[in-house]
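[1] below is the structure, and that's it, no one-letter string:
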């Protein structure tokens, strides 16, 4: 017995000792479990956060990712909820490809099997050495760049090709060759959704899945549409200027933001280029400018069939709480929680300058974007139960 | 009883043995039997070895010869009617030696029990030997603090760090049971390549000067191993286990050793058949434990400017963490294991014929720490070698009164297979491993592809499967700042293997005369099949491997005589003829495909050897003189026949064109020595020697080779002069050996170490890189290790040596010594205590063993940076490496896989270019860690040994 115990003891001692482990790099540092955590720090635009199905990661759209090998305008990434290194989601689509894309506005189906997102095509803007306009006001406004988008549906595990796709044309930029010959006139209508995208890369046209993951609601910037993959999209009546749709977890409601346009004003500008032969006109632009293009939107609920519409006050980019009891949206440069009936609005602490919230399925966390300056937007996570 | 004591004393005083340098598996015993009272020669006395079938009968002059005696401490019995029999124990018969003994028998009318006496176990002087050598017998080998025989050889005066008397590594040859073997392909870079377990040996004899004509293929030394054979009368077994798993952190290096041997009669295979088997296994977590562990460049090691930069980093709390982010008592990526299995069977085929077969198998594998891949968790460089030796010898012996003849024929197959490449991490994960030792061999990435026919590889035109471009930033503490300085992904880029098959045939005839004279002659031939493969950029599809397969051969014949004159002068004469042929035709100018192919021919070498030894008249045999002169030669390492990248520290990555037409590396050696016995306990000896070496292979560019790639040539030459002093002492239970070697090794070479075309390169004389001026060795064996019958045993060994010269190439392309490395010393100790038997194993004897290396924890510095002679690089070197990556194109945010918190010095979530530069400097500093510049670590192991 003693010998056996000795042998067992010796094996235990030998088995417990191991070779020196190589350095284990802790690149990110300590994980934060504080009320609010900054997940992305880059100086570019991170937008449209959503939660992974198990809630351990936040998916979002970033302006670029160095691991792709090519320059992109939008890439879909995932970052751990506590912070850490990002990874490319849908790697078969995004890695090792030669064509630069602009992917944005991911939406995960409720069963976690599919992801819908937009693949955008932006308008190419002329380079002007001079841009005289008919009015001195607002001549420095940027031009709408959103031209087309393809709403794509793929499996989250990235197997196979697109399961469905839908082409969407965004209003705001058109050309009338019959006017102002020989150049024609380029008509630029700076809709609020265009302006939000042009200025901040906010994809207010984002898709949202129905709870039965059979339909998708999205916006073309001017209204909401329902799309059952395989069928043509159907507009939802009464959702004019509706953006940022969010289907309620119980499937009864679609929350969205209605963006007011305000007064309409037209300015004509001429794009002039100075070449070797002297100044030359390359484009004549007719710009439509809306006075309320940056005003807060109105949080609105409507049933999928277009009935029951009601407004809940200011609120951009709404997100439902998992129990359908209320929504979180951006209001007064912060995130607010409001009951589904519009009562009990309360500002969430530590969310100044936050927008486009996404609530985790367990209702404990809110991922949101926060603007640092200009196009520098980062992803943050707020812990809703912190301090309880 | 007084009479018996007198007899014992007389016998002990007269017993002695002489040794000659021979070339055979076994030794012999020659002697005379005298009447103890009348001193008259006794005829008809039967002398037989106990436990062995050997016997002889004394002739009319009382002389007898017992030939072909297995080495070891043997017991013999002398008996004749009318005389009291005598049993003499522990007669040290050594391989390739003749032990001379004088036996006196006391007349007795009665049948009395035999008188048992012990032979003098260690002779303090050997007045009949002209060579310089050192012998360690099995009993001592087992008690010494050694893991490898290399450590035992280092205890020989004149051998230091694998260099025999200032010679290059590989200038020695190894003899296993009389069979001469060498790693002829790459001995200069890889050593012997074959290892025996210390516990499998009966004797080790290290000859550093004056080796006989039987030995060729060596310029500087001979190491002769005699393996153990089974006891024909009973089974003897032993097993030992030792480990440092118990040790606290800094002492734990993950060593676990298991050794077992068993031997005894095997009558199933015929009467008198014996078998001996031995297994040694080492599990190693840190296969090359260094005293500083994994360390880093500290300010106290660096010159002023770099020290200031390090202190600046350390003084700022934000940057202090960048200095030495990872240190460890153990090295990472150094795991490995080793096993040595040996079995030997001896079978008598009649009265005069004995057949011996042995099989030796080695496996040694380990990861190889490289600082560039320090932070790579997946892919590490590793080396695995398999060595296999199958040896069959047939020995014929004719024993006559006063003389013996023997003829020994041997045939052996030796395979050395070495693979260097990237270890497949999956194979490491799936192998069962206990205490660092696993049964499975390492697998290497793409090994099957790399070993496939070369035509198929070229046709495939792909990278070695599994290899990837080294790179990556994630995983190192420096993140993106470590890019290009550390590789955290991808693989090392080298795939290299060699396989050398050798068929050795050997025939030796010997005659032992009654006067102790002996004559020997023999011939041997070795046929090789060598394959070598090297792909330096195995991760690139377009890279082309260097591959060669060729069939060289070496042949030799020798004759030698040992003659003893009546006045005790011993002469050794000998001569040998060596020949080799590379078997490769080649074009000198590889770029000119129209140039003729040069067919290489036979290279010949005739080597006379002479030696003499004699007691100095008038000293009553207490002093002796000896001298010898030898012409020596060895074929160059076959690797120099082939194009190669010179990988030594001096000419890293310089390519040289192989030269299959290289001739013998030659030399001549002369030595003179004296020894004196102060008293029965103490002796002193000195040897002065001079060795001149010529036609040594060099990679330096020869004059007149402008416009062509440098070719290996035999144009280096050098000389070694030295003086060796030795001290031997012996008291009951205590043996002391010590020695001091003073030498100067210089070489004359062109000194051109680059590919730059230099007209008429200067030839200068400089110390050789391994010119170690002073080397002390010391061994103290006490208790059982010293031959006493005590329950305890202790063996202390120590060595101290001056440092190697640090050579640098001057602006005029000559070499000069910039400084010498510091002295180094270390002490090892092995002690054991015999607890005897326990109830549950009455036949077992249990011993507790403590085994220590570098027990004083001496922090030896064994290498320095050539550029500045320090342990640390210069500031310029660090800055140069740091600058190689350029600047950041844009800041790195915290969510980036490239982000590293360590280098985000202000913790703002963004790594700016300024932070990046600071971290890159620190990463470069870390890359220059001097860990491998330090010597062996202190190791303390505890274990148990059982003999049964």
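    Structure's in. What do you need? Just so it is clear, the model here is predicted, and its values are computed rather than measured.

[2] tell me where the model's unsure across the stretch 101-250 of chain A.
    Within the stretch 101-250 of chain A, the stretches with pLDDT under 70 are A:137-141.

[3] residue boundaries of the strands in it?
    A:103-108, A:114-122, A:146-155, A:164-169, A:173-176, A:185-190, A:208-209, A:216-219, A:224-227, A:234-235, A:242-247 (DSSP state E, counting those that start in this stretch).

[4] for those strands, give me TSV that also has distance to residue B:137 and mean neighbour count.
    C-beta coordinates here come from the backbone N, C-alpha and C atoms, glycine included. Below are these laid out as TSV (distance: least, CB to CB, whole Å; neighbours: other CB atoms under 10 Å in any protein chain shown):
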stretch	distance to residue B:137	mean neighbour count
strand A:103-108	78	25
strand A:114-122	78	23
strand A:146-155	75	20
strand A:164-169	86	16
strand A:173-176	97	15
strand A:185-190	100	21
strand A:208-209	85	23
strand A:216-219	88	26
strand A:224-227	92	23
strand A:234-235	99	14
strand A:242-247	89	28
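
[5] wait, which of the ones you listed is closest to residue B:294?
    Residue B:294 lies closest, by CB to CB, to one member of the strands of the stretch 101-250 of chain A: strand A:103-108, at 44.3 Å.

[6] which other residues reach the closest one?
    By CB atoms under 8 Å, 6 or more residues apart in numbering or on different chains, the list of residues contacting strand A:103-108 from outside reads A:47-48, A:50-53, A:59-61, A:72, A:74-76, A:89-90, A:93-94, A:114-120, A:156, A:201, A:203, A:205-209, A:216.

[7] just those residues that are near chain B?
    With CB under 8 Å from any CB of the partner chain as the criterion, no member of the contacts of strand A:103-108 is in contact with chain B.

[8] what's the closest of the strands of the stretch 101-250 of chain A to residue B:203?
    Nearest of the strands of the stretch 101-250 of chain A (CB to CB): strand A:146-155, 73.3 Å.

[9] next one: that closest one to chain centre, how far?
    Offset of strand A:146-155 from its chain centre (CA atoms, centre = their mean, to the nearest Å): 13 Å.

[10] how far away is the closest residue to chain A within the stretch 151-300 of chain B from residue B:926?
    Using CB to the nearest CB, the closest approach of the stretch 151-300 of chain B to chain A is made by residue B:285 at 3.8 Å. Using CB to CB, to the nearest Å, residue B:285 is found at 22 Å from residue B:926.

[11] again, but for residue B:377
    Separation of residue B:377 from residue B:926 (CB to CB) stands at 17 Å.

[12] and residue B:78, by the same measure?
    According to CB to CB, residue B:78 stands 71 Å off from residue B:926.

[13] same question for residue A:336.
    With distances taken as CB to CB, residue A:336 is found 50 Å from residue B:926.

[14] between those two, who's got more neighbours?
    More crowded of residue A:336 and residue B:926, by other CB atoms under 10 Å in any protein chain shown: residue B:926, with 26 against 23.

[15] then that one would be within a helix, right?
    Yes. Assessed with DSSP: H, G, I helix; E, B strand; the rest coil, residue B:926 lies in a helix.

[16] so what's it up against?
    Contacts of residue B:926 by CB under 8 Å, 6+ apart are B:296, B:297, B:324, B:325, B:326, B:374, B:478, B:485, B:486.

[17] not counting its neighbours along the chain, what's nearest residue A:22?
    Using CB to CB, 6 or more residues apart in numbering or on different chains and skipping residues adjacent in sequence, the residue nearest residue A:22 is residue B:332, 4.3 Å away.

[18] check residue B:443 too.
    Leaving aside its chain neighbours, residue B:443 sits nearest to residue B:427 (3.6 Å; criterion: CB to CB, 6+ apart).

[19] please apply the same query to residue A:199.
    Residue nearest to residue A:199 in three dimensions, not counting chain neighbours: residue A:142, with 6.6 Å by CB to CB, 6+ apart.

[20] what ranges do the helices span in the chain?
    In the absence of a named chain, this looks at chain A. Using DSSP state H, the helices of chain A run over A:2-16, A:91-94, A:192-200.

[21] please go with chain B instead
    Under the criterion DSSP H, chain B contains helices at B:2-14, B:138-143, B:149-153, B:187-190, B:304-315, B:317-320, B:425-430, B:447-450, B:454-460, B:875-883, B:913-927.

[22] list the contacts for the residue nearest to the residue of the stretch 151-300 of chain B closest to chain A when sequence neighbours are not counted?
    Nearest residue to residue B:285, sequence neighbours excluded (CB to CB, 6+ apart): residue B:254, at 2.2 Å. Counting by CB under 8 Å, 6+ apart, residue B:254 makes contact with A:17-19, B:244-245, B:283-286, B:330, B:335, B:435-436.

[23] rerun that using 7 Å as the cut-off
    Counting by CB atoms under 7 Å, 6 or more residues apart in numbering or on different chains, residue B:254 touches A:17, A:19, B:284, B:285, B:286, B:330, B:436.

[24] from those, which two are the most distant?
    Every pair of the contacts of residue B:254 checked by CB to CB; the farthest is A:17 and B:284, at 12.2 Å.

[25] the two: which has the busier surroundings?
    Comparing residue A:17 with residue B:284 by neighbour count (other CB under 10 Å), the higher total belongs to residue B:284, at 26 against 17.

[26] hey, what's the more buried one bridged with?
    Beta-bridge pairing for residue B:284 (DSSP bridges): residue B:255, residue B:336.

[27] got the contact list for it?
    Taking CB under 7 Å, 6+ apart, we find residue B:284 in contact with B:254, B:255, B:335, B:336, B:337, B:366, B:436.

[28] how close does whichever residue of the stretch 151-300 of chain A sits closest to chain B get to residue B:149?
    Relative to chain B, the nearest point of the stretch 151-300 of chain A is residue A:201 (16.5 Å; CB to the nearest CB). Look at residue A:201 and residue B:149: by CB to CB, they are 72 Å apart.

[29] more neighbours, these two?
    Counting neighbours by other CB under 10 Å for residue A:201 and for residue B:149 shows that residue A:201 has the greater number, 25 against 22.

[30] ok, that one touching residue A:46?
    No. Using CB atoms under 7 Å as the test, residue A:201 is too far from residue A:46 to be in contact (9.1 Å).
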